[in-house]
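J.: my questions concern the predicted model and sequence given below.
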Amino acid sequence: MTKPRILISEDEVIIAEDLAASLEDLGYETCAIDSGEDTLDMIRETQPDLVLLDINLKGDADGVDIGLRIREEFGIPFIYLTAYADTATIDRAKKTEPDGFLVKPYDEKSLRSAIEIALYKHDSKDSKPTNGSDPKEKDVAADYIFVKVKHRIIKVHYSNILWVEAYDNYSFIVTADQKYLVSSTLKDMEHKLPSQSFVRVHRSYIANLDKIEALEENSVVFSKGEIPIGKSYKKALMSRFNII
């Protein structure tokens with residue numbers, strides 16, 4: 001049986017090392033230890049089964065910010081680690097829908113329980129029956145999407161879309177000659193569009209790989225305008241191209 005692979009995001013080195021030792025004793029594999037600054041890149045590289053995430057990470061992004069990105073981009077289970085968090089932080093954390101909280105100091109029994117419950121919940125959700133088919137496959141089986149514009153529903157072919165842009169709780173679908181406002185978040189659009197052609201390049205943008213004409217240092221260039229590349233998305237984006 002394959003050992004679950006766990007990434008630790010903790011900026012206290014001693015705590016992180018003790019946690020890694022406990023995971024080994026419990027039969028898990030620690031695939032990476034990060035201080036929080038490169039956690040998202042480490043997830044892309046190591047592809048863990050679960051992340052143990054300190055809620056009070058120091059830096060530009062705290063644990064809650066990273067937890068939100070894990071939920072939106074990777075869909076893998078994560079558990080917050082915390083010794084203390086104020087009410088405002090806890091309220092923010094709850095909205096990211098973590099798979100558990102562990103209060104420091106914790107023992108191996110509570111650590112194992114939290115991990116096993118989180119992994120079980122995730123596996124159960126992924127294995128729910130879908131009447132013989134994957135709902136996402138149904139969404140992307142055709143080569144187009146329908147967009148409601150006033151009193152009309154218009155067919156927009158994927159091949160005509162340049163990029164999708166976040167706008168509060170809505171999104172703009174941008175083509176060469178139109179810009180459609182749709183009542184879906186960027187996260188929803190990411191699930192609806194075929195992943196072989198569309199990729200998140202920034203927290204606010206999804207690009208159609210087939211329509212990219214050039215890549216600049218910090219932007220993606222299309223026939224009509226350009227969009228930014230987020231630092232944490234750049235490596236994954238570049239890996240999708242055959243660059244010589």
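T.: Yep, that arrived. Numbering: from 1, shown residues only.
J.: just say helix, strand or coil for the nearest residue to Leu237 once chain neighbours are set aside.
T.: Spatially, and ignoring its direct neighbours in sequence, Leu237 is nearest to Val201 (5.3 Å; Cβ to Cβ, 6 or more residues apart in numbering). Glycine gets a C-beta too; all of them are placed from N, C-alpha and C. Three-state assignment for Val201 (DSSP: H, G, I helix; E, B strand; the rest coil): strand.
J.: can you get me a residue count around Val201?
T.: 24 (other Cβ atoms under 10 Å).
J.: ok, now the one 4 residues further on?
T.: When neighbours are defined as other Cβ under 10 Å, Tyr205 has 22 of them.
J.: tell me the pLDDT at it?
T.: pLDDT, Tyr205: 96.
J.: ok, it - contacts?
T.: Counting by Cβ atoms under 8 Å, 6 or more residues apart in numbering, Tyr205 touches 163-166, 186, 220, 227-228.
J.: so what's it bridging to?
T.: Taking DSSP bridges as the rule, Tyr205 bridges to Glu165, His202.
J.: one more: Leu181?
T.: Bridge pairing for Leu181 - DSSP bridges - gives Phe172.
J.: for the residue positioned nearest the centre of the chain, phi and psi?
T.: The chain has Glu73 as the residue nearest its centroid, 1.2 Å off, counting by Cα atoms, centre = their mean. The phi/psi pair for Glu73 (degrees, to the nearest 10) reads phi -90, psi -40.
J.: quick check: closest non-adjacent residue to it.
T.: Closest to Glu73 by Cβ to Cβ, 6+ apart is Arg200, at 6.7 Å.
J.: I'd like to know how many residues surround that neighbour.
T.: Arg200, neighbours per other Cβ under 10 Å, totals 22.
J.: the residue nearest to Leu237 reaches Ile229, doesn't it?
T.: Yes - contact criterion Cβ atoms under 8 Å: Val201 and Ile229 qualify, at 5.2 Å.
J.: could I get the phi/psi values of the closest residue to Leu57 other than its chain neighbours?
T.: Sequence neighbours aside, Gly36 is the residue nearest to Leu57 in space, at 3.7 Å (criterion: Cβ to Cβ, 6+ apart). Per-residue torsions, Gly36: phi 120, psi -30 (degrees, to the nearest 10).
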